[in-house]
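Colleague: Any chance you can model this:
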Amino acid sequence: MSDLLRPLAQTHTPRPAEAQPLAGSAAVWWRDGLALGGQAVDASETPAAFSAPRVPVCGVPMDGPRIMGILNVTPDSFSDGGRHLALTDAVARARDMAAEAAFIDIGGESTRPGAREVPVDEEIARTAPVIRAIRAEGITTPISIDTRKAKVAEAALEAGADMVNDVTALRYDPDMARLVADRGVPVCLMHSVADPETMQQHARYSDVVAEVHAHLAERIEAALKAGVGEASIIVDPGIGFGKTLDHNLDLLRNLTTLHSFGLPVLLGASRKRFIGTLSGAEAADARMPGSLAVALHGAAQGVQILRVHDTAETRQALLVQQAIWHAGAGQDNDS
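Modeller: Numbers count the residues shown, from 1 in each chain. Have a look, this model is predicted:
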């Protein structure tokens with residue numbers, strides 16, 4: 001990543017007068033320079049994209065870390081597969097998430113390593129009725145449809161979804177970019193390689209940070225050429241998608257390089273295998289503490305959207321983190 005600038009995040013107070021916001025965040029600041037190829041460099045002429053405010057996503061301000069709750073309506077997702085297949089269970093979980101998260105991300109096809117593709121009609125049958133039922137309950141939290149297929153996304157948007165989360169960054173389905181552009185909805189472009197069934201066989205990079213950054217730059221350009229508005233684009237480094245443990249850690253250490261795009265950054269690392277490898281937590285649902293550590297690290301690096309399973313726990317952790325960062329926060333609470 002020799003040619004990538006990496007802002008040096010600073011979260012402690014007091015903040016010096018010359019400090020600037022990182023990615024428009026009121027919570028995370030940086031000063032004293034940038035890193036270039038691991039070496040500190042002069043920050044006197046910093047690209048404006050690193051500090052510029054980000055546009056809201058679905059009306060949600062991007063001036064601090066926001067939680068996106070994961071609601072999988074699949075039988076085989078790596079962590080919560082089968083738990084929300086019943087419509088009543090899915091709606092009940094969405095109701096809880098609405099009190100804890102800024103977004104709800106609904107998926108009907110597992111993208112875990114080795115997962116097989118789900119037919120379009122089946123994926124629609126899993127997701128659209130759930131979205132429709134959530135809206136019928138009066139839940140207004142923005143809903144993201146986690147799919148790589150245009151017909152699934154279209155059905156979800158018709159049912160009441162607000163944005164698209166495409167793990168292939170518009171590569172899988174040639175109709176997806178056109179749909180997103182025509183509807184004018186936000187879209188998250190994630191870095192991935194190959195497909196879920198084979199992606200771990202392609203986890204080879206000479207410089208994972210630089211290559212992920214270059215891939216996202218190419219996908220942003222492709223989206224813009226297809227008519228997707230720049231203000232509609234979110235980027236995601238794709239932790240765990242065709243990456244080894246070391247690749248994931250490299251990307252996490254260098255998250256601030258992604259702020260060079262001037263776009264909101266989404267981080268989805270919740271309960272993933274590398275957390276279990278590092279901590280010894282074999283079961284995915286035992287990886288909540290490690291997931292919190294990654295989420296708090298992401299917030300400290302200016303990430304705007306944290307995609308997580310454990311919404312209540314992440315919200316509590318962020319509230320405490322933000323209070324520590326900000327002098328005077330929580331002073332009306334005598335506990």
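Colleague: Run through the strands of the stretch 1-150 of the chain in chain order.
Modeller: 5-10, 20-21, 29-36, 39-41, 66-72, 103-107, 143-146 (DSSP state E, counting those that start in this stretch).
Colleague: Would you format the ones you listed as TSV with mean pLDDT included?
Modeller: What follows is the strands of the stretch 1-150 of the chain, written out as TSV (pLDDT from 0 to 100):
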stretch	mean pLDDT
strand 5-10	84
strand 20-21	80
strand 29-36	62
strand 39-41	61
strand 66-72	97
strand 103-107	97
strand 143-146	98
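Colleague: For the stretch 151-300 of the chain, which segments are assigned as helices?
Modeller: 176-183, 208-225, 245-253, 273-279, 288-300 (DSSP state H, counting those that start in this stretch).
Colleague: of all these, which lies closest to Val91?
Modeller: Go through those one by one with CB to CB and the one that ends up closest to Val91 is helix 288-300, at 23.1 Å. All C-beta atoms are positioned from the backbone trio N, CA, C, and that covers glycine.
Colleague: and that closest one, what does it pack onto?
Modeller: Helix 288-300 sits against helix 245-253, strand 266-267, helix 273-279, strand 305-308, helix 311-325, with contacts defined as 3 or more CB pairs under 8 Å, 6 or more residues apart in numbering; DSSP states H and E.
Colleague: Out of the strands of the stretch 1-150 of the chain, flag the one nearest Val265.
Modeller: Taking CB to CB as the criterion, Val265 comes closest to strand 66-72 out of the strands of the stretch 1-150 of the chain, the separation being 11.2 Å.
Colleague: from the chain's centre, how far out does that closest one sit?
Modeller: Offset of strand 66-72 from its chain centre (CA atoms, centre = their mean, to the nearest Å): 9 Å.
Colleague: What of stretch 123-142?
Modeller: In terms of CA atoms, centre = their mean, the gap separating the centre of stretch 123-142 from the centre of its chain is 21 Å.
Colleague: What are the buried residues along that stretch?
Modeller: If you call a residue buried by 16 or more other CB atoms under 10 Å, then stretch 123-142 has these buried ones: 123-128, 130-134, 139, 141-142.
Colleague: So what touches it?
Modeller: Stretch 123-142 is touched from outside by 57-60, 71, 73-74, 84-85, 87, 90-91, 94-95, 97-98, 101-104, 106-109, 118, 143, 145, 147, 149, 151-152, 155-156, 158-163, with contacts defined as CB atoms under 8 Å, 6 or more residues apart in numbering.
Colleague: Just tell me which of the helices of the stretch 151-300 of the chain ends up closest to Gln10.
Modeller: Nearest of the helices of the stretch 151-300 of the chain to Gln10, taken as CB to CB: helix 288-300 at 9.1 Å.
Colleague: Send over the closest one as PDB, restricted to the C-alpha atoms.
Modeller: Taking only C-alpha atoms (Å, rounded to 0.1, in the frame of the first residue of the first chain), the coordinates of helix 288-300 have been written out as PDB:
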ATOM      1  CA  MET A 288     -19.700 -11.500  20.600                       C
ATOM      2  CA  PRO A 289     -16.900 -10.100  22.800                       C
ATOM      3  CA  GLY A 290     -14.400 -10.300  19.900                       C
ATOM      4  CA  SER A 291     -17.000  -8.700  17.600                       C
ATOM      5  CA  LEU A 292     -17.400  -5.800  20.000                       C
ATOM      6  CA  ALA A 293     -13.600  -5.300  19.900                       C
ATOM      7  CA  VAL A 294     -13.600  -5.100  16.100                       C
ATOM      8  CA  ALA A 295     -16.700  -2.700  16.100                       C
ATOM      9  CA  LEU A 296     -15.000  -0.400  18.600                       C
ATOM     10  CA  HIS A 297     -11.800  -0.400  16.600                       C
ATOM     11  CA  GLY A 298     -13.800   0.400  13.500                       C
ATOM     12  CA  ALA A 299     -15.500   3.300  15.200                       C
ATOM     13  CA  ALA A 300     -12.100   4.600  16.300                       C
END
